[in-house]
Each structure stands twice: as structure tokens, then as C-alpha cells.
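3D, please:
(one chain, ligands or ions: 1)
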Amino acid sequence: MKKGISIILTALMVVTLFAGCGNQKEDTGKFQIGVVQIVEHTSLNTIRETMVEELTALGIGDQVEIDYKNASGDQNNLNTICQKFASDKKDLIVAIATPSAQAAVNATEEIPVVFSAVTDPVSAGLLNDLENPNANATGTSDYVDAEKILDLALKITPDIKTIGFIYSSSEANSKVVIEKAKTYVTSKGLKYEEIAVTNLSEVQQAGISLAGKVDAMFAPIDNTIASAMDVLSEVCVEKKVPFYVSADSMVADGGFATEGIDYVDLGKETAAIIKQIYEGKKVADIPVVILKDTKTYINKTIAGKIGVTIPDDIAGSAEFFE
Ligand code: TRP
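The predicted structure follows:
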């Protein structure tokens, strides 16, 4: 009888041991982090690189293992990557930008998701209350009021009568900003034209057609547009249209000007949240971090090419890109 029990116990131990092998944690002893990014553009790369460096600065660089995947702008890739992270039973998923975060929360309800640079986490459907995350996701937001950027546009180029909006119809982060921008410019007595693209290949043609009809252009914080700044910059310079954008990187990559947050700080804040979860804190106890401070960013070369002079009071506190 006793022998029978000990055989059963031994069998159970073996089963448990093998079951343990399926769990990534047992494989390397490290905390497994899957990092997913919708596309590689300057700003998202800055966030990711800063975040990884900061994990080391916070003293947990050696204890985590990072598996980074880029979806190359493709929604199907995003879903596949996130589903694989879920079936691999990662300890944590870091999702950079809105489309990645949406794919991550769709793929798992158990694994904590730390999102980064999600413009509006509530309208993106990630949670209901920024202070009290109600699902498995929390993180950082780069929300900047469109009014701030449009006010800057009206100060630098007060003669604008019609403004052109260019954005991607599949990005929730853009649509929420565009709705606010429409209301705001209308309240200021301006007209607008809009073009929504469905993918990267449409951006150039859309830009050419829009730039021909407007006095200035505005792009929200849109991953597709941010990935096509070189072509749009050329189009706008050619037509001498000031192109107001929504991130420092978009200015550095050939946009004209913006009012935006510091994405290095955002990357650090994202790492700080990862550390809290690594140490056992629950997602529900970690409010979303929104960076409030903004700065004016201007591209000096573009200003010269389109023949716009920056008013002194704006130039005094702005950061310039060449
Ligand atoms: N806020 C964007 C989102 O919610 C992501 C993003 C971060 C971004 N930095 C950017 C988009 C710079 C365009 C340009 O998806």
C-alpha cells in the first residue's frame, strides 16, 4: 500500500516538474518581458531604448529577459506577436503605442500589460479609469491637448484660413485628437480639410492632394504619419505649407513645429512601472502616468525653406532642430 502511494507521489512530482518546464520563468530564472512595437519610428525607438536602459539604472536589468518584436506596421503581425507572448506565458507584456496595446489586451486577460505612449487609454478601450485600472493594463500616456498645438500654429502663422488634417483612419489615438481639433478650429472661425489614410503607401498621394488645398497642415500623434515624415516633409516644403505635427521626433524628422512631451522621460516612467510589477505590485494599484510638461519644438531648416519667421517670444523658450 505504502509503496503504491509513494509511486503515485513520485509520478506527481515528475508531472509537476515537467509542467514547470512549460513556464518560461523556470527556464532562465529571469522575469520574462515581451516587448511589442507597432512600427519602428524615431519616437517609439527612443521610448524602447530609454526604457531598457532605465531598467538597468533601476537595478533590475540583470533579472529581466526581454523578447522584443516589431510588427512592421501590420495589425495581423501585432495579433500574432501578442498571442505568442500569451502562449509563451510571459510574466509581463510591454506594448508601445496604441495599436500594440489594443492587441496585447485582446490576447490576454491574465498577463499584466504595461502600455507606453498611449494617447488616450480610455478611448482606446484599455481601461475605464486612469486612476484605477480595472483590467490587466496600466502604463504611460503622451496625451497633449490638440488646442495647445493649434494655438502655437495660430501664433506662428496667424494668417491661416484653412488647415488640413492628415491621419490614419485605423488609429484610435489619432481619431480622438482629430475630433477635438475640428471642434477647436471651427470655434476659432477657421475651415478645415481632412484626409484619412488606411496605410503607409497612401501617405504621399494624400499629402500632395491636401497640401494643394490648405494654408497649413496638422498631423496628430499618428504612427503611420510619423513613419512617413520624409515624404510629407518634402511635399510641404515644395508647397511652402507649414506642417504642424504632434511630437518632437516628427519635427526632427522634417515636420515644422509642435508642442510636445519629452519621450525620454516617458521611457523612464514606463520602466518605473515595470519595476513595480516585477516587485509584485498589482496593476489595479498603479495609476496611469501622464506627462504634463510640454515644450515647443521647431525645425529651423524647414522654417527657412518655407520662409516663416519665428516670433521672438516663442523662439526664446523653444528647442530647435536643424
Ligand atoms: N501616442 C501614440 C499612440 O498612442 C504613439 C506615439 C508615441 C507616437 N510617440 C509618437 C506617434 C510620435 C507618432 C509620433 O499610438
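
buried ones in stretch 238-245?
In terms of neighbour count (16 or more other CB atoms under 10 Å), stretch 238-245 has its buried residues at 239, 241-245. C-beta coordinates here come from the backbone N, C-alpha and C atoms, glycine included.

and stretch 176-194, by the same measure?
In stretch 176-194, counting by 16+ other CB under 10 Å, buried: 176-178, 181, 184-185, 190, 192, 194.

for stretch 154-174, same thing?
For stretch 154-174, by 16+ other CB under 10 Å, it's 154, 156-157, 160, 163-168, 170-174.

just how off-centre is stretch 281-300 within its chain?
11 Å (CA atoms, centre = their mean, to the nearest Å).

wait, stretch 144-161
With CA atoms, centre = their mean, you get 23 Å for stretch 144-161.

how about stretch 224-241?
The answer for stretch 224-241 is 20 Å, by CA atoms, centre = their mean.

hmm, it touching the ligand?
Yes - interface with the ligand: stretch 224-241 contributes residue 226 (CB under 6 Å from any ligand atom).

shift numbering so it begins at 149
Yes, from this point I'll number from 149; that puts the last item at stretch 372-389.

dump that stretch to PDB, keeping only the CA atoms.
Extracted C-alpha coordinates of stretch 372-389, given in PDB (Å, rounded to 0.1, in the frame of the first residue of the first chain):
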ATOM      1  CA  THR A 372       1.600  55.900 -39.700                       C
ATOM      2  CA  ILE A 373       2.200  59.600 -40.400                       C
ATOM      3  CA  ALA A 374       5.300  59.500 -38.100                       C
ATOM      4  CA  SER A 375       6.700  56.700 -40.300                       C
ATOM      5  CA  ALA A 376       6.300  58.800 -43.400                       C
ATOM      6  CA  MET A 377       7.800  62.200 -42.300                       C
ATOM      7  CA  ASP A 378      10.400  62.200 -45.000                       C
ATOM      8  CA  VAL A 379       7.900  62.200 -47.900                       C
ATOM      9  CA  LEU A 380       5.500  64.600 -46.200                       C
ATOM     10  CA  SER A 381       8.200  67.000 -45.300                       C
ATOM     11  CA  GLU A 382       9.300  67.200 -49.000                       C
ATOM     12  CA  VAL A 383       5.700  67.700 -50.100                       C
ATOM     13  CA  CYS A 384       5.100  70.500 -47.600                       C
ATOM     14  CA  VAL A 385       8.400  72.300 -48.300                       C
ATOM     15  CA  GLU A 386       7.600  72.100 -52.000                       C
ATOM     16  CA  LYS A 387       4.300  73.800 -51.500                       C
ATOM     17  CA  LYS A 388       5.600  76.000 -48.700                       C
ATOM     18  CA  VAL A 389       3.000  74.800 -46.300                       C
END
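
so what touches it?
Contact partners of stretch 372-389, identified using CB atoms under 8 Å, 6 or more residues apart in numbering, comprise 187, 189-191, 221, 312, 314-316, 318-319, 322, 345, 347-348, 351-352, 355-356, 359-360, 362-365, 367, 390-391, 393, 395, 397-398, 401-404, 450, 453-455.

hmm, try it at 7 Å
By CB atoms under 7 Å, 6 or more residues apart in numbering, the surrounding residues in contact with stretch 372-389 are 187, 189, 191, 221, 314-316, 319, 345, 347-348, 351-352, 355-356, 359-360, 362, 364-365, 367, 391, 395, 397-398, 401-403, 450, 453-455.
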